[in-house]
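Asker: Sharing a sequence plus its predicted fold:
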Amino acid sequence: RRDADQQSTSIVPRTSIRTGVWNESGQMGKSGNRAPPVVAPAAVQSRGVAIDILRQLQAHRSYFRESVRVDVPQRAPSQQQFEMAEGGAASTDDVSAASSFHSSRGDSVSAAMAAATRATAAGDDEDDLEALEFVARLRSKGKIEKMTTGRTAHNPRNLKHMWRLDLESGVPDVHGLSNTDLLTGFRLFFVNQHDAALHFFELYEDIPIFALGKAAIFFVWSVMTVEDTDLSNTITYIRQVEADVDGRLSRITPKTSWLSFSSGQPPTAEILHYQVMSAECTLLTAVMQLLRDSLVEKVKGVINIRSAWQKYKALLDSKAALEASGGHLDVDSSAGLRFGIGTFNLVASLLPPKVLALVSFLGFPSDRQYGLEELEIAFNGGGVRAPIAALSLLVHHVFLQASFCHSGLAFADPAERVLERSLTMWKKGGIFLMFRARQCRLLEDLPQALERFELAVEVNQTWLPLVHFCCYDRASTQLYLFDYEASMRDWDRLLAENDWSKAYYAYCSAVMKVMLGRHDDAATDLQAVPELLKRSKKINGRPLPFDRFVKRKIQNYFDPKTRVVSLPFPALEMIYFNNGMPQMPPPLLQRIVDEVTEWRKISYDGPNPVDAAAMANLLQGAAFSQLHNTTEAERYLKEVELSRKKTTVETWTIPYARYEMGMLYCRVDDDPNERGIPMLKHALKFSGYYAHDLQLSLRIHLAFFELKVPYEDKFRHNEATDKDSRV
């Protein structure tokens, strides 16, 4: 670089920032095989062009600190094009020139930046493009090589950035980059630029917080796909990140004598910073192991869950000791500690009662309110943990309420605050748009929910797991609107593209065709279900609950020889199991009542008439309950209880009818303990195998929390065991 002002004759590529080196043809070669220096083309050997290139690169002086490749184009871009690379579009010609410049770079970051340039010129909000523009500037200056977009395990690192830890903020201080620049990867991920975020984290992978950010991307991807290969690769990478963090800890932790077990010195803020990251790695690894099919991996996951909690408990004590000695933990690590403690309390509190009793006995915390408060503080504190804390809060406030609660309005205000702030910080973020759509559905605004789901799909075309989540929710929303044709299209798309439960997707598509009167097509779909069940996923060697449900339906209501489909209320049953009634406005609920009333006027000639009548009573009673017609709701729900001894197939209607009656009594009685809570306990202890038993357990568990039932009362049963249940 000194020679640039002394009429240097060439610019020579150096070792790549990735594991390879450059060969004689200017391409990446295998690691360890250093190629001879490449002389730049004569067109760029002049002093003037060299100075021009160096001036363009000077904005990031940290570039000169490392031995990295200078990516010299065959023809240097004009000053106007370079200014366009910085994000300034003035005219149509300028937009075309800048877009062509970015597209010519040949990688995903620059391709996305080319689209961003056009979007900015079209008047879109520039705040969403700020992070993407920063990465594109790094790419245009030779800072980022073309990187793979596949989700792979850990890549060997030869990056060596000069940085130090800022003990006030907890964010690394990298020369030449601001704190805003360093958060680029996290912002990119939450504004739908997932590959660009992955590229950014790989660039700074030698800095632990960014390696953990890359692990977080792998984690989210694996949770959405639940593919064993993705889970295994994610575990491998997280373990290597944890080994790096633990290695740094061993170098900065005071050494103790073999005669003593403690150095006697209070922990430093730097030590606690890395201990928080180590605990997070252990927790993420445990979750991945629990999602795997292998029983051995699940046992390892349980052990790691306990290990992670022990680390968080020790961190609480260490933080107190640090503060007692006059020190303080940095803002970001403090948020990470609160996030971990809050997550443990929240997740443990959602476990089924019997499991929760065991977990509490083993010393795990289960205070849901405290957990929500800690997550709220972590979210409000900002930093790299804020978006993850926001997602945790939204899973509780929106996802759980929509899936399992009798009324989804209990956490409507907190959810609205989190969503409003999240969508302000990460405009058009696909994940937050999905939660916004679910929130609209909770508020019974189904058309607006559909618009949000469609927008989330539109901005996340490359992130297929999230697209499939949105398609699933969109299909359910269209079902609540009785738009069977549109719902069928989404179920067919999931059947073609997603491997989670193809048997269930085929069954749902068949149900939509039955409702449309296309019985032959429905019979064809149902005939394919047994073969799909053989290839379905399993948990601990057992089929998924939805697959077991579909198998029972096929066995009891479909004759493959005659191709006769005798499913009673298939669409209304799907609405009920998806907890759709609390999310439907009164006119649609009244339609459910009317359809069941019309069915009663027709002579049912299908199999299991008593069970079909029990389903009709439950569906009508639940709809009347949501319409606040207490008299009619109680009448139909009691009919289910009276016919319980004759119900042999649809036994799930018995505990679910008790749950509906319990929630009805809790709403109308002044004291829920008089009839409501005892009836909920009565439903919870229904013995025998029935469809969606875990779902009912979660519904009742969440109801206990809303009703503020004391912890010990959740497990106290005064009534005798139900002798009348049927398997």
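Answerer: Good, I have the coordinates. Residues are numbered from 1 along each chain as shown.

Asker: ok, which stretches of the stretch 501-650 of the chain are helices?
Answerer: 502-515, 519-534, 545-557, 570-577, 586-601, 609-626, 630-642 (DSSP state H, counting those that start in this stretch).

Asker: The one residue sitting closest to the centre of the chain: which element?
Answerer: Among the residues of the chain, the one closest to the centroid is residue 220, at 5.3 Å (CA atoms, centre = their mean). Residue 220 is part of helix 208-225, with elements assigned from DSSP states H and E.

Asker: Would you mark the buried spots in that helix?
Answerer: Under the neighbour-count criterion of 16 or more other CB atoms under 10 Å, helix 208-225 has 208-225 buried. Yep, even glycine has a C-beta here, placed from its N, CA and C like the rest.

Asker: Distance from the chain centre to it, please.
Answerer: Relative to the centre of its chain, helix 208-225 is centred 11 Å away, using CA atoms, centre = their mean, to the nearest Å.

Asker: Packing partners of that helix?
Answerer: Other helices and strands packing on helix 208-225, by 3 or more CB pairs under 8 Å, 6 or more residues apart in numbering; DSSP states H and E, are helix 184-190, helix 194-203, helix 228-252, helix 269-291, helix 464-480.

Asker: now the angle between helix 570-577 and the next helix or strand after the last one, please.
Answerer: The reference is to helix 464-480. Later in the chain than helix 464-480, the nearest helix or strand by DSSP H and E is helix 484-497. With axes from the mean of the first three to the mean of the last three CA atoms, to 10 degrees applied, the angle from helix 484-497 to helix 570-577 works out at 70 degrees.

Asker: Begin at 56, not 1, for the rest of this chat.
Answerer: Will do, 56 is the new start, and the previous item becomes helix 539-552.

Asker: what number of residues lie near residue 593?
Answerer: Residue 593 has 10 neighbours, counted by other CB atoms under 10 Å.

Asker: whoops, residue 288 was the one
Answerer: For residue 288, using other CB under 10 Å, the count is 20.

Asker: do the one 4 residues further on as well
Answerer: Neighbour count of residue 292, defined by other CB under 10 Å: 23.

Asker: Now the longest helix along the chain: buried residues?
Answerer: Using DSSP state H to assign secondary structure, the helix with the most residues in the chain is helix 350-379. Neighbour-count burial for helix 350-379 flags 352-353, 355-356, 359-360, 363-364, 366-367, 370, 373-374, 377 (criterion: 16+ other CB under 10 Å).

Asker: same question, stretch 253-265
Answerer: Neighbour-count burial for stretch 253-265 flags 253, 254, 255, 256, 257, 258, 259, 260, 262, 263, 264, 265 (criterion: 16+ other CB under 10 Å).

Asker: State the pLDDT value of the second one.
Answerer: In other words, residue 254. Residue 254 is assigned 88 on the pLDDT scale.

Asker: Quick check: it vs residue 245, distance?
Answerer: Plainly put, residue 254 is 15 Å away from residue 245 if you go by CB to CB, to the nearest Å.

Asker: sorry, back to before: among the buried residues of helix 350-379, which one sits closest to residue 706?
Answerer: residue 353 (29.3 Å; CB to CB).

Asker: so what's the closest residue to the closest one other than its chain neighbours up against?
Answerer: The spatially closest residue to residue 353, leaving aside those adjacent along the chain, is residue 345, at 5.7 Å (CB to CB, 6 or more residues apart in numbering). Counting by CB atoms under 8 Å, 6 or more residues apart in numbering, residue 345 touches 352, 353, 356, 357, 360.

Asker: repeat for residue 655
Answerer: Contact partners of residue 655, counting by CB under 8 Å, 6+ apart, are residue 671.

Asker: what about stretch 735-747, start to end distance?
Answerer: Chord length of stretch 735-747, first to last residue, is 16 Å (CA to CA, to the nearest Å).

Asker: State the mean pLDDT of it.
Answerer: Mean predicted lDDT for stretch 735-747 stands at 82.

Asker: Sort out which residues of that stretch are buried, please.
Answerer: 735, 736, 737, 738, 739, 741, 745, 746, 747.

Asker: just curious, which of those residues is nearest to residue 699?
Answerer: For the buried residues of stretch 735-747, the nearest to residue 699 is residue 741 (9.7 Å; CB to CB).

Asker: For residue 188, give me the pLDDT.
Answerer: At residue 188, pLDDT is 59.

Asker: ok, back up a step: ok now the longest helix of the chain, how far from the chain's centre?
Answerer: Taking mean C-alpha positions (CA atoms, centre = their mean), helix 350-379 and its chain are 23 Å apart.

Asker: Stretch 441-452 too?
Answerer: Averaged C-alpha coordinates place stretch 441-452 at 9 Å from its chain's average position (CA atoms, centre = their mean).

Asker: before we move on, what about stretch 518-537?
Answerer: Remark: stretch 518-537 is offset 15 Å from the chain centroid, using CA atoms, centre = their mean.

Asker: Would you mind writing the CA trace of that stretch as CSV?
Answerer: What follows is stretch 518-537 as a C-alpha-only set of coordinates in CSV (Å, rounded to 0.1, in the frame of the first residue of the first chain):
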residue,chain,number,x,y,z
TRP,A,518,-36.7,-19.5,3.5
LEU,A,519,-38.9,-22.5,2.8
PRO,A,520,-39.5,-23.7,6.4
LEU,A,521,-41.1,-20.3,7.3
VAL,A,522,-43.0,-20.3,4.0
HIS,A,523,-44.5,-23.7,4.9
PHE,A,524,-45.4,-22.5,8.4
CYS,A,525,-47.3,-19.6,6.8
CYS,A,526,-49.0,-22.0,4.3
TYR,A,527,-50.2,-24.2,7.2
ASP,A,528,-51.6,-21.2,9.1
ARG,A,529,-53.1,-19.7,5.9
ALA,A,530,-54.8,-23.0,5.1
SER,A,531,-56.3,-23.1,8.6
THR,A,532,-57.5,-19.5,8.3
GLN,A,533,-59.1,-20.2,5.0
LEU,A,534,-60.8,-23.2,6.6
TYR,A,535,-62.2,-20.9,9.3
LEU,A,536,-63.7,-18.8,6.6
PHE,A,537,-65.1,-21.9,4.9
